[in-house]
Every structure is written in C-alpha cells, then in structure tokens.
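K.L.:
return a 3D structure for these sequence lines:
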Amino acid sequence: MLERKLRRWPYLTMDEVKAKNAASSSLLIWNDDLESEMLDSSDRLVGKTVSFTFEDGVKREYYFDDIRNLHWSEGAEKIADVYNAAPVPGHDEMLYLHHYRSGNELPQCSDIVFDFETGYAVDVEAFVGNPENPREVMHSIRFGSLDGVIAPEGAFKPEYTSELVGKSVYWKHPGGEGKGIQYIFSSQKYYTYCMRFLNAGQVWMSTNPADYIKIKDGLYFMTVLEERQTGVQLCMLMNLDILSDVQTGFGIGGPVETSNRLETWMRSKREGSLGEPFSDLR
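P.N.:
Down below sits the predicted model:
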C-alpha cells in the first residue's frame, strides 16, 4: 500500500528572492540544463532578427547571435540573454522560444510559441515574487503576431480553451524505468498531477492553477503555477495527436529540503499515453 508523501518548501522573503536574482545571471540560471540530453534545440533563428507585436501594444524585437545567445528589446535598450528555441513536435512551421529576462530586480522569464506560417504568437511573461508568498511565480499571458507575416484566410487563431477538461495524459521519458507523471485536466483554470516515488513506496498528488490555450487542432499550450508548493511556473506545449511535448520550468526549485535554487530549464522527448491512470493507485 502506498503512503502519502509529505512535502513542504521553506518560506522566502522578498529580499531573499531579490538577492538570489542579483547573484544569478542569464547563464547561471540554466544551471546544467543546457547540457541535458532532454534539451532539443533548433538553429533556425541563428543570425536572424524577428519582432512581435502583441494585442496589448507591447512590441519586442529579437536578434539571435548564435544557438544560445540573443539580444532583445522592448524599446531602445538591447539586453543580452541565454535562450533555447525548441522544435514543436509535429509542426515544422513552429518554434518554442524560452529565455531569462535580465536587468530586473525580480527574476523574470519569457516563453513564446510562434508560427512562421500564420504569424500567430502566444507569450507568457513570468516573474518570481508573489506578494502573498514571494517564492511563488506570477505571470501574464498575451496574444500577438510575428511582424511581417499575414495569416492565411481561415487560419486558426490561438485562444483559451476548455477542450482538455476531463482528459488525462501519463507522461514519461524514454528509459525512465516506470517513472512518470500523470496530468489530469481537472477543470477550467486548474489541473492535477500525480507522481509515484517508487523507492519510498509513496505517492504525491496536487492541484494547481492552470491556463489552457489551443494553438491548433491537437496542439495545446498549458501554463501552471505551483501555488503553496515550490512556487515554480511550468509551461507545457503538448501535441496530443502524437503524444509528445515540450516543457519549461522557471522559479526557485531544487530539492525539497533546501529548495532555494533559482533555475530555468527546457525539456523535450517525453512520450505520453491517454487515459491510463496509475494502476496501483486504485
């Protein structure tokens, strides 16, 4: 019989969060994840300039120096940061861009999913520093387009959706020896995840605020804020037709016992299966 796993994360003050940010950098925040075998990268942007206009009036321009370094601006100042651009599973016409945003008092990052054919883009701007619990991430979501691209007539425009509600996906990495995570799309604005800790005979389950966005038929973008836990933001771009995804994480993570490392990461190559809950949880 499995037991419930006890997990608690230490409280951090706003000053402690600011100090972590001051001691970090666009490179350090990636830790060793730029060398991860689960990092999938595209060189499609290298040497190019791309710009976006969002529906709230924000304009942003990027220049990609190489496969890891970029400069971006939302005005006159150009800021250098480390990034990754991941291929979107099943969609050669799309990319998923993830980078830290340097030069701020609180830690910030950007996640942008965009389509070269339609021009449509979805941007998640996140920062660590929830006034109620400073270690928790908050975010805003905006819709926009890639400058210079006109959407073909009839092209689907990304929008919030409830199509996932009531569904479930079990995700695991190839060779994961049975270790995986169950996503249960519980309701509008919330999702539930379940993990087994095989060596300890324990199970963990939690429900978190989530936003669901339909990008195209079968392709969904989900953002999650792990409230009352480690506080990190997770973003998942999921192709449910071929059951493959790209995920990013951002916030103050690390082991539960210490859980005080400012970090960001991007991972691909998971394999999913629909509607198969853990058999030994019944």
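K.L.:
near Leu164, how many other residues are there?
P.N.:
As a burial measure, Leu164 scores 22 neighbours (other CB atoms under 10 Å). Glycine gets a C-beta too; all of them are placed from N, C-alpha and C.
K.L.:
give the full set of residues in contact with the nearest residue to Asp66 once chain neighbours are set aside.
P.N.:
Using CB to CB, 6 or more residues apart in numbering and skipping the chain neighbours, the partner closest in space to Asp66 is Val46 (5.7 Å). Applying CB atoms under 8 Å, 6 or more residues apart in numbering to Val46 gives the contacts Phe64, Asp65, Asp66, Ile67.
K.L.:
could I get those as CSV with neighbour count?
P.N.:
Formatted as CSV, those follow (neighbours: other CB atoms under 10 Å):
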residue, neighbour count
Phe64, 21
Asp65, 13
Asp66, 10
Ile67, 15
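K.L.:
pick out whichever of these sits closest to Pro87.
P.N.:
Ile67 (12.7 Å; CB to CB).
K.L.:
contacts only, for that closest one.
P.N.:
Residues counted as contacts of Ile67 (CB under 8 Å, 6+ apart) are Ser41, Asp43, Val46.
K.L.:
may I have the phi/psi pair for the nearest residue to it once chain neighbours are set aside?
P.N.:
Distances taken as CB to CB, 6+ apart place Asp43 nearest to Ile67, at 5.1 Å, with adjacent residues excluded. The phi/psi pair for Asp43 (degrees, to the nearest 10) reads phi -100, psi 20.
K.L.:
also Ala22?
P.N.:
The phi/psi pair for Ala22 (degrees, to the nearest 10) reads phi -60, psi -30.
K.L.:
can you pull the pLDDT of it?
P.N.:
With respect to pLDDT, Ala22 scores 95.
K.L.:
what about it, how many residues close to it?
P.N.:
For Ala22, the neighbour count with other CB under 10 Å is 10.
K.L.:
what of Val246?
P.N.:
Residues lying near Val246 (other CB under 10 Å) number 27.
K.L.:
what does Asn208 give?
P.N.:
When neighbours are counted by other CB under 10 Å, Asn208 registers 17.
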